[in-house]
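> sequence first, predicted coordinates after that:
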Amino acid sequence: MAVAITRPKALNEALVRSLPDNGPVVMVNLVRFRERSLDGNGSGWDAYSRYSKGDMPLLRKVGGTVIWAGHVEGASLGDLGKGRWDWVVLALYPSRAAFLEMMTSPEYAAINVDRENGVEDHVILAANQTYSKLAAKPVTAR
């Protein structure tokens, strides 16, 4: 069963708009895959991979980039209970407005079907940048 082309159902647009928008934001994506894609076209990972191929150009279009992604190996501290996360992605956006521009665009709605077919659960945490070794360093004249 395919999910209709639509904006993300759980997008908390009001919260994102209520946060100060005075610089870069890292969106911490926690993803739990379905065993099988809802459209029957491979695994949840396969559907998410199709989504990711469509998402990367949209992310770049709004000035964003993925700064890190990887498979979750387990909880090093704390108890996940019965839950699990399979994949973590750290996406850097120049602003919260850029994130919302991408997430509410018709182009994103068109690829979101693969995301929704592939994920059992997907949480995105907005995090302001208070420290980063990845921060751009000023260019010095030679």
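All right, it came through fine.
> rest of the way, CA atoms for contacts and neighbours
OK.
> what are the ranges of the helices in this structure?
Secondary structure of the chain, counting by DSSP state H: helices at 13-18, 44-61, 96-103, 106-118.
> need those in JSON lines with mean pLDDT and distance to residue 36, can you?
Below are the helices of the chain laid out as JSON lines (pLDDT from 0 to 100; distance: least, Cα to Cα, whole Å):
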{"stretch": "helix 13-18", "mean pLDDT": "90", "distance to residue 36": "29"}
{"stretch": "helix 44-61", "mean pLDDT": "98", "distance to residue 36": "5"}
{"stretch": "helix 96-103", "mean pLDDT": "96", "distance to residue 36": "25"}
{"stretch": "helix 106-118", "mean pLDDT": "95", "distance to residue 36": "7"}
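> can you say which of these is packed in most?
Per-stretch averages of neighbours, counted by mean count of other Cα atoms under 10 Å, single out helix 106-118 among the helices of the chain, with a mean of 22.
> who touches it?
For helix 106-118, the surrounding residues in contact (Cα atoms under 8 Å, 6 or more residues apart in numbering) are 2-8, 33-34, 36-39, 43-48, 50-51, 54-55, 58, 102-103.
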